[in-house]
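> Pasting the sequence and the predicted model now:
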Amino acid sequence: MSTALTNSHLNSLGGSNYRVAPVAYQVEQGTAVGLRAKDGVVLATDKRMAYGSFVMSRNAKKVFLLNNRVGIAMSGLYADVGAIVRFLSAESKYYELTSERPMSLYSIAKLLSSILYSYKVLPFLIEAVVGGIDRDGQPKVFTLDSLGSVSEDKYMAVGSGATTALGLLESQYRDDMSLAEAEELAVSALRVSMERDASTGDGIDVLTISVAGEVKERSLRLRVVEDRGSP
């Protein structure tokens, strides 16, 4: 994905005399998915960091636990992924220290929305899925684009392999899925994306958060190899 800030865009902010040379950003992508199960949520991402066709890392972490009830999975510019995690972790810890309780899932999603929107002129080049257990005890998943638009979903995929992943999620997702079934579906969706999207690959990181408060993280090292059949 390539994103450019053009003169026409900047002119709308500073008038006709506002001139800045266009700047193009080559953004590594990848795929992130989130699913709501009847007893928790699943967040998962691939492990590849690539700039265009160049693979820079095969062990990039893009899913994070923000507190004991909320996690985030992201795709996009890896430097921005790290910056967003630092923002949210600091704000979440400060809130917990001053309020003596964890920041709620909805509050974290709205905070991220505000952060992203406040940087809309030079945006963070990421997409995010925030999921966890909210204060009402219900598992929820929120999706955000790079400008801060936020929506609640039962399941979602973002990133360069999102179209492929969503095809599988839409055909196999059920409202009554258990956490184990949702985790299996998330892994399958990322496997499918790895087969079709060059920016997605090298393994899968999975984070699950149950309604009972149990948090699990695991990493799968995967390589998609074409089956060429018998010689």
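Right, received. Where do you want to start? Predicted model, so just to flag it, every value in this text is computed and none were measured.
> Dig out what the most centrally placed residue in the chain forms beta bridges with.
Nearest to the centroid of the C-alpha atoms of the chain, with distances taken as C-alpha atoms, centre = their mean, sits residue 74, at 2.3 Å. Residues in a beta bridge with residue 74, per DSSP bridges, are residue 128.
> That one: what's it in contact with?
Counting by C-beta atoms under 8 Å, 6 or more residues apart in numbering, residue 74 makes contact with 32, 45, 62, 63, 81, 84, 126, 127, 128, 129, 158. C-beta coordinates here come from the backbone N, C-alpha and C atoms, glycine included.
> what does residue 190 give?
Neighbouring residues of residue 190 by C-beta under 8 Å, 6+ apart: 31, 33, 44, 45, 46, 161, 165, 200, 204.
> and the last one, what are its phi and psi?
Listed backbone geometry of residue 204 is phi -140, psi 130, with angles given as degrees, to the nearest 10.
> which of the contacts of residue 74 has the most neighbours?
Highest neighbour count within the contacts of residue 74: residue 32, with 33 neighbours (other C-beta atoms under 10 Å).
> what helix or strand does that one sit in?
Counting by DSSP states H and E, the element that carries residue 32 is strand 31-37.
> same thing with residue 187?
helix 179-196.
> Buried residues, that helix. List them.
For helix 179-196, the neighbour count (16 or more other C-beta atoms under 10 Å) marks 179, 181-183, 185-187, 189-194 as buried.
> packing partners for whichever helix or strand comes after that helix?
Sequence-wise, the next helix or strand downstream of helix 179-196 (DSSP H and E) is strand 204-210. If contacts are counted by 3 or more C-beta pairs under 8 Å, 6 or more residues apart in numbering; DSSP states H and E, strand 204-210 sits against strand 40-46, strand 63-67, strand 70-76, strand 126-133, helix 179-196, strand 215-220.
> Run me through the strand neighbours of strand 204-210, direction for each.
strand 40-46 (antiparallel), strand 215-220 (antiparallel).
> tell me the most buried of those strands?
Among the strands paired with strand 204-210, strand 40-46 has the highest mean neighbour count (mean count of other C-beta atoms under 10 Å), at a mean of 30.
> Going along the chain from that strand, find the next helix or strand for me.
Remark: after strand 40-46, the chain's next helix or strand is strand 49-51, criterion DSSP H and E.
> Now render the strands paired with strand 204-210 as TSV, adding mean pLDDT and distance to residue 208.
Output for the strands paired with strand 204-210, formatted as TSV (pLDDT from 0 to 100; distance: least, C-beta to C-beta, whole Å):
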stretch	mean pLDDT	distance to residue 208
strand 40-46	98	5
strand 215-220	96	5
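> Can you say which of these is nearest to residue 67?
Proximity to residue 67 (C-beta to C-beta) singles out strand 215-220 among the strands paired with strand 204-210, at 9.8 Å.
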